[in-house]
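In: Make a model of this:
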Amino acid sequence: MVALAGEALYFILYGLVYHFTTNNTAALTSSGGICIALNSYMHARFTFKLSFGWGLLWSYLLIQLTGFLFAFYIGLALEKAGAEPWMISFLTYVVWAGLSFLLTRAVYRTK
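Out: Next up, the predicted model:
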């Protein structure tokens, strides 16, 4: 539920920021940054019932960076192989979300 709420919030924030700025970079970075921080907190407090601290936030940021890098390079390979853009979008989302889930679960359970 935390992930779904985070995704919904991301799209809402992205739409609002883009509406007022018409700038994709501003919309992406502000909504993405807010959602990464909020998801880190929400996963700690609600998914794993942990006290939240800077260590968990940094761990979550590293997890998201790892997911991004995997998804980015897989996306490049799929693009080079001639995959359709929506298929690339779907597959990279599955890779990033799956890796995020597994790594967050592993890291947060050890805290």
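In: going forward, measure contacts and count neighbours with C-alpha atoms only.
Out: Fine.
In: Give me the residues contacting the helix or strand of the chain with the lowest mean pLDDT.
Out: For the chain, scoring each helix and strand by mean pLDDT, DSSP states H and E identifies helix 24-42 as the least confident one, at a mean of 85. Residues from elsewhere that reach helix 24-42, judged by CA atoms under 8 Å, 6 or more residues apart in numbering: 2-3, 6-7, 9-11, 13-18, 21, 52, 56-57, 60-61, 64.
In: Where helices are concerned, which of those residues count?
Out: Restricting the contacts of helix 24-42 to those inside helices, with DSSP state H as the criterion, leaves 2-3, 6-7, 9-11, 13-18, 21, 56-57, 60-61, 64.
In: Mark which of the residues you listed are buried, thanks.
Out: Judged by neighbour count, with 16 or more other CA atoms under 10 Å as the criterion, the buried members of those are 6, 9-11, 13-15, 17-18, 56-57, 60-61, 64.
In: Just the CA atoms of the least confident helix or strand of the chain, as CSV, please.
Out: Output for helix 24-42, consisting of C-alpha atoms alone and laid out as CSV, is shown next (Å, rounded to 0.1, in the frame of the first residue of the first chain):
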residue,chain,number,x,y,z
ASN,A,24,9.6,18.6,-16.9
THR,A,25,12.9,18.7,-15.0
ALA,A,26,11.4,20.7,-12.1
ALA,A,27,8.4,18.4,-12.0
LEU,A,28,10.5,15.3,-12.0
THR,A,29,13.1,16.3,-9.5
SER,A,30,10.7,18.0,-7.0
SER,A,31,8.0,15.3,-7.1
GLY,A,32,10.6,12.5,-7.2
GLY,A,33,12.6,13.9,-4.3
ILE,A,34,9.6,14.4,-2.1
CYS,A,35,8.3,10.9,-2.9
ILE,A,36,11.6,9.2,-2.2
ALA,A,37,11.9,10.8,1.2
LEU,A,38,8.3,10.1,2.0
ASN,A,39,8.5,6.5,0.9
SER,A,40,11.6,6.0,2.9
TYR,A,41,9.7,7.2,6.0
MET,A,42,6.5,5.4,5.3
